[in-house]
Structure formats: structure tokens, C-alpha cells
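S.K.: below is the structure, and that's it, no one-letter string:
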Ligand SMILES: [Zn+2]
């Protein structure tokens, strides 16, 4: 069975020094490179352009440092274009297919590189298919999960521009207040590319979805991508030990399926390796070629063959058909 991974920070990893052409051998530290993905059944990814100020080499001061943020985004876009020229990946500008060779839909995680609403059509022409207004710390467009704050007037304009260009809204990392603003103003489909359930985790972090937020996503026709970071899966996560299991993954998926009233609106948004080492991935799920363990867990929990295909690829395909 082939897979679509709804959240993979491929360009971000290269910007932060990863050699994408070399297989990852330090299993405790990393698991994503081109050969690693090729070893797996992941055929299509949503590859991010992930930027944020201050920390790391993204190269801009803050969200108002508009031109530098644009450049930081273009730098990551150019990585996908280079990989495409080399024949390593195909950028899917429309539809969402499973091909023999790896392909990507471009996902913007944090919209600082969009200088203003007028930029959105250009980004769409470059392959942008889905976008979140902010990473954790907020942007001039929206409050992030770590900072709080509303959708701004500029953010509302960008949301409308996404709708006009057919860019799908990604709600992961929005503050609760901005999530509400997005639901109020968005006309198109809302997804959460890599988010889990706040109810299942039993904490109050705005990084995770409230039940009412999950329902709003499902009502828009959207999909939630399961994030595989232990900290977002296990109620008992501790940085000193690996505690999440396939059972934790299944619990989040089943909770969302209950809220949706079906098994066709939850999928994978692994975030494999995106800013956290593989030791913080669940047992038996340390690498994209371990995904069959997750499918097996869902099967044991009552997923029929067609439900499994939806989780692995069909649900995402439906959003981007
Ligand atoms: Zn993220």
C-alpha cells in the first residue's frame, strides 16, 4: 500500500544542514532523506516551506521583515525545484496522485514568505497547494499556538486570497483565537496537516486540536494528519524516555473518527524528523518504512481495507482532487 505523508519538512532539513542525498544511518537522530523515503512506500509528500524568524538560518528578523522572509521562502522553494530538475521529485501543481517516483505538493508552514495577499497568486503559480498562516510563534497574519492572538486584517486578506487561488487552509499551529477567525473567514477546505487531539492528550496546549476545532475541519470537508511526535501522542511523554506507541497513534485516530462520524477524514501528517530527532518517534515507527505497523494497528482497531487506504492516501487525495 502506498502512502501520502501530509507533512514533511524536506527543504527545511536541507537548509538546516541535512544532506538529502545520503541515507540516514544514525537512527536515534534522523530518518528523512531521499533514499530513506525511497526505501518506504511513501509516494507523495506535502513538502513544507517552513520558515520562522530569530531561530535558525531562515535569515529574517521578524514577521515584518517582509522581503527577507520572502527570500527565505524562495530559498526553500528553489530546493524543491532543484530536486525536480534532478529527477528526484516531481512538484504536483494540480491533483494529488500516487506515482512510481516521489512527488510533492508544496505546503507553506508559516506564511511570512507571502509578502501580502497580492503575492498568493504568484506562490500558487509556483506550486503552492496548502498553507498555514503561522508556525508556533505567530506572524503578522495570525497568532501561533505558543503566543496566542487573533487573525489580523492582513491575515483575513491572505485567507481570501488563498480561497481565490484554490490554496487549502492548514490550521496546524494556529492559536485558538486565530483558528476561530479562520473558520469565520475561510470559504474553502480547512485541514490540519500535522495535529493531534487535545482531548486525548488531556492538556491545554493550543498546539493540539480541540474537539470543536476538529469538527469544524471535518465540516469544511477537511482532513486531519496524524503527527508522530511522541510529545503530541502520549499523555505520559517525558524527554528522557520514549513512551509513545502505535496504540497511542490509534487512540488519536479513533477519537477523530468518532468526531467525524466516519473513518475517511483522518490521514498521516508525520512531521518525521521535523525539528525533533527520531528518538521522539513512537516505538516501531522510527522510519517511513515502518508505516505498515501503523496500518496494522488500525486494522486491529477495526479499520477495513478501504478505511486503511483512505488513511494511507485516499483522504488526502480527495481534498486535492
Ligand atoms: Zn509544525
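M.R.: Ah, there it is. Everything numeric in this text was worked out from a predicted model, so none of it was measured. Numbers count the residues shown, from 1 in each chain.
S.K.: now do the strands in the stretch 101-250 of the chain.
M.R.: Assigned by DSSP state E, counting those that start in this stretch, the stretch 101-250 of the chain shows strands spanning 103-109, 128-132, 168-170, 190-191, 224-226.
S.K.: wait, isn't residue 136 in contact with residue 144?
M.R.: Yes - contact status for residue 136 versus residue 144: in contact at 4.6 Å, counting by C-beta atoms under 8 Å. Glycine gets a C-beta too; all of them are placed from N, C-alpha and C.
S.K.: neighbour count: those two, which is higher?
M.R.: residue 144 (23 against 16; other C-beta atoms under 10 Å).
S.K.: before we move on, back to that, in a markdown table: the strands of the stretch 101-250 of the chain, plus mean neighbour count, distance to residue 278 and mean pLDDT.
M.R.: A markdown table is the format used below for these (neighbours: other C-beta atoms under 10 Å; distance: least, C-beta to C-beta, whole Å; pLDDT from 0 to 100):
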| stretch | mean neighbour count | distance to residue 278 | mean pLDDT |
| --- | --- | --- | --- |
| strand 103-109 | 24 | 20 | 98 |
| strand 128-132 | 27 | 24 | 98 |
| strand 168-170 | 27 | 24 | 98 |
| strand 190-191 | 28 | 25 | 98 |
| strand 224-226 | 28 | 17 | 98 |
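S.K.: export these to CSV and tack on distance to residue 44?
M.R.: Formatted as CSV, the strands of the stretch 101-250 of the chain follow (distance: least, C-beta to C-beta, whole Å):
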stretch, distance to residue 44
strand 103-109, 5
strand 128-132, 11
strand 168-170, 15
strand 190-191, 15
strand 224-226, 13
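S.K.: which residue is the nearest non-sequential neighbour of residue 315?
M.R.: residue 267 (4.2 Å; C-beta to C-beta, 6 or more residues apart in numbering).
S.K.: got it, and residue 170?
M.R.: Using C-beta to C-beta, 6+ apart, the closest residue to residue 170 is residue 132 (3.8 Å).
S.K.: who are the packing partners of the lengthiest helix in the chain?
M.R.: Counting residues, the longest helix found in the chain (DSSP state H) is helix 66-85. The contact analysis (3 or more C-beta pairs under 8 Å, 6 or more residues apart in numbering; DSSP states H and E) places helix 66-85 against helix 10-15, strand 42-50, strand 90-91, strand 103-109.
S.K.: switch to 10 Å and redo it
M.R.: helix 10-15, strand 42-50, strand 90-91, strand 103-109, helix 120-125 (3 or more C-beta pairs under 10 Å, 6 or more residues apart in numbering; DSSP states H and E).
S.K.: give me the mean pLDDT for it.
M.R.: Mean pLDDT, computed over helix 66-85, is 96.
S.K.: can you give me the buried ones in that helix?
M.R.: For helix 66-85, burial by neighbour count (16 or more other C-beta atoms under 10 Å) applies to 66, 68-70, 72-73, 75-77, 79-81, 83.
S.K.: same check on stretch 109-125?
M.R.: Across stretch 109-125, burial judged by 16+ other C-beta under 10 Å covers 109-115, 117, 119-120, 123-124.
S.K.: got the end-to-end distance for it?
M.R.: 17 Å (C-alpha to C-alpha, to the nearest Å).
S.K.: distance between that stretch and the chain's centre?
M.R.: Distance, stretch centre to chain centre, for stretch 109-125: 17 Å (C-alpha atoms, centre = their mean, to the nearest Å).
S.K.: check which helix or strand covers residue 53.
M.R.: Counting by DSSP states H and E, no helix or strand carries residue 53.
S.K.: who touches it in this structure?
M.R.: Shown in contact with residue 53 (C-beta atoms under 10 Å, 6 or more residues apart in numbering): 59-65, 68-69, 72, 110, 112, 135, 137, 139.
S.K.: can you check residue 135 too?
M.R.: Contacts for residue 135 (C-beta under 10 Å, 6+ apart) come out as 48, 50-53, 109-112, 144-146, 172-173, 275.
S.K.: try residue 229
M.R.: Residue 229 neighbours (C-beta under 10 Å, 6+ apart): 194, 196, 207, 237, 244, 270-276, 280-282.
S.K.: pull out the buried members of the residues you listed.
M.R.: Using 16+ other C-beta under 10 Å as the threshold, 194, 196, 207, 237, 244, 270-274, 280-282 are the buried ones among the contacts of residue 229.
S.K.: and which of these is nearest residue 164?
M.R.: Set against residue 164, the nearest of the buried ones among the contacts of residue 229 by C-beta to C-beta is residue 194 (25.3 Å).
S.K.: tell me how many other residues surround residue 162.
M.R.: 29.
S.K.: got a list of what it touches?
M.R.: Taking C-beta under 10 Å, 6+ apart, we find residue 162 in contact with 108, 111, 114, 117, 120, 123-124, 128, 130-131, 133, 168-170, 182, 185-188.
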